[in-house]
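*Asks:* let me see the structure of the following:
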Amino acid sequence: MTAASVSPETHPAEVLDPVQEALLNEVCILVDEDDKKVGTASKRDCHLLVNGTSRLHRAFSVFLFNEHGELLLQQRSDAKITFPDTYTNTCCSHPLAVPEELDEADVVGVRRAAQRKLQQELGIAPEQVPLDALQYLTRIHYRAPSDETWGEHEIDYILFLQRRVDLKPNPNEVKSVKYVSPDGLRRMLGKG
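*Replies:* The predicted structure is shown next:
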């Protein structure tokens with residue numbers, strides 16, 4: 001068991017994993033509803049709920065399919081601040097307010113962020129997910145509370161790719177992974 005800390009900026013009784021606590025200092029890109037950059041804020045400030053909402057920021061969601069058309073899902077680690085222990089798409093996170101991830105031409109900044117996080121969370125080597133393999137589909141405006149303290153409020157870039165990859169999940173980020181067929185996903189969602 002790792003030591004954890006209590007941060008004065010969080011709920012007073014909340015104990016956070018030290019690795020996840022450190023990640024809350026990353027600087028995200030604040031945007032307006034048209035996805036125009038309006039500033040920056042820490043990941044902590046972007047996800048803390050104030051009056052039931054959090055600050056609108058840029059994000060991405062990767063949906064990685066194998067050669068059989070099965071979607072790679074991850075079950076988020078219990079240490080995650082938002083939606084711990086929850087199954088999600090392959091990888092979801094944020095481009096950071098750094099020059100290489102602020103580049104908006106051909107969505108390359110978001111693609112670089114996705115490549116970075118696929119390696120950090122799932123151990124997928126960048127050469128296995130070249131930037132041009134990450135296909136940008138669209139953006140969605142997404143809002144969801146995780147609990148009474150934390151939530152999401154994002155302009156979320158949806159990226160698809162179909163590749164065979166080697167996985168080495170980071171246990172601080174990912175509890176488990178599995179590939180699911182379309183029918184398997186419907187069953188997971190109780191619709192099949």
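
*Asks:* the helices in the chain, which residues?
*Replies:* With helices called from DSSP state H, the chain shows them at 18-23, 43-47, 99-102, 108-122, 182-188.

*Asks:* and the helix or strand of the chain with the lowest mean pLDDT, what's buried?
*Replies:* Within the chain, no helix or strand scores below helix 18-23, which has a mean of 84 by mean pLDDT, DSSP states H and E. Residues of helix 18-23 classed as buried by neighbour count (16 or more other CB atoms under 10 Å): 20-21, 23. No exception for glycine: its C-beta is placed from N, CA and C like everyone else's.

*Asks:* how about the strands in the protein?
*Replies:* Per DSSP state E, the chain carries strands over the ranges 27-31, 37-42, 57-65, 71-76, 87-88, 91-93, 135-145, 151-162, 174-180.

*Asks:* ok, the shortest one: who's next to it in the sheet?
*Replies:* Applying DSSP bridges to the sheet, strand 87-88 is found paired with strand 71-76 (antiparallel).

*Asks:* chain neighbours aside, what residue packs nearest to Lys117?
*Replies:* Distance criterion CB to CB, 6 or more residues apart in numbering; nearest residue to Lys117, sequence neighbours excluded, is Ser93 at 4.2 Å.
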